[in-house]
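Asks: Here you go, sequence then predicted model.
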Amino acid sequence: MPEPQGYRGIHRVLGTVNGLKKFIALSPSPYHGLNFCQGTICEGLKNPNEEIHDVIRYFGARNKIFNVHFRNIKGGFLNFQETFPDNGDVNFIRAIRTYKEVGYDGMLMPDHVPRIDGDTGGKQAFAYCFGYIQALIQMVNQEA
């Protein structure tokens, strides 16, 4: 994964997959892990729809994903736009299957949502995202 330039030349410690790997390596404790922000991680990937699954597998296989901010984007490294779950480049059905594959059983939740005119506080947007995510979880859980 490419390294972003950071803000005013200061690199974010947890701004890359390699940084996240170093972070979880600091402590072998089962209580040390990640609020895994899939959207933020995808923003740093050149091909998020393909690369995110190996990232999920890396951290998920080590039981280091404690909860997931499940957000989609269009684009990738240094050129992205946040979208609703069904309108981005990352196949959310495949992503949920990957979380299931590694045995992740925690929360999948939007961290923030795109704006809708007239939707004060994002209530409609959040409701849509939560409903969409819940439907995908039910669908994947019903697969053989």
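Replies: Great, that's in hand.

Asks: This protein: strands as residue ranges?
Replies: Along the chain, counting by DSSP state E, strands occupy 34-37, 65-69, 72-76, 79-83, 108-109.

Asks: low-confidence ranges in this protein?
Replies: Where the chain drops to pLDDT under 70, the residues are 1-13, 144.

Asks: So which residue is smack in the middle of it?
Replies: Nearest residue to the geometric centre of the chain (CA atoms, centre = their mean): Gln38, 1.1 Å.

Asks: about what we covered before: identify whichever of the strands of the chain lies nearest to Lys22.
Replies: Closest to Lys22 of the strands of the chain is strand 34-37 (CB to CB; 12.1 Å). Quick note: C-beta positions are derived from backbone N, CA and C, even for glycine.

Asks: Quickly run through the sheet partners of that closest one, with directions.
Replies: Strand pairing for strand 34-37, determined by DSSP bridges: strand 65-69 (parallel).

Asks: Next, give phi and psi for Ile116.
Replies: Dihedral pair for Ile116: phi -120, psi 130, per degrees, to the nearest 10.
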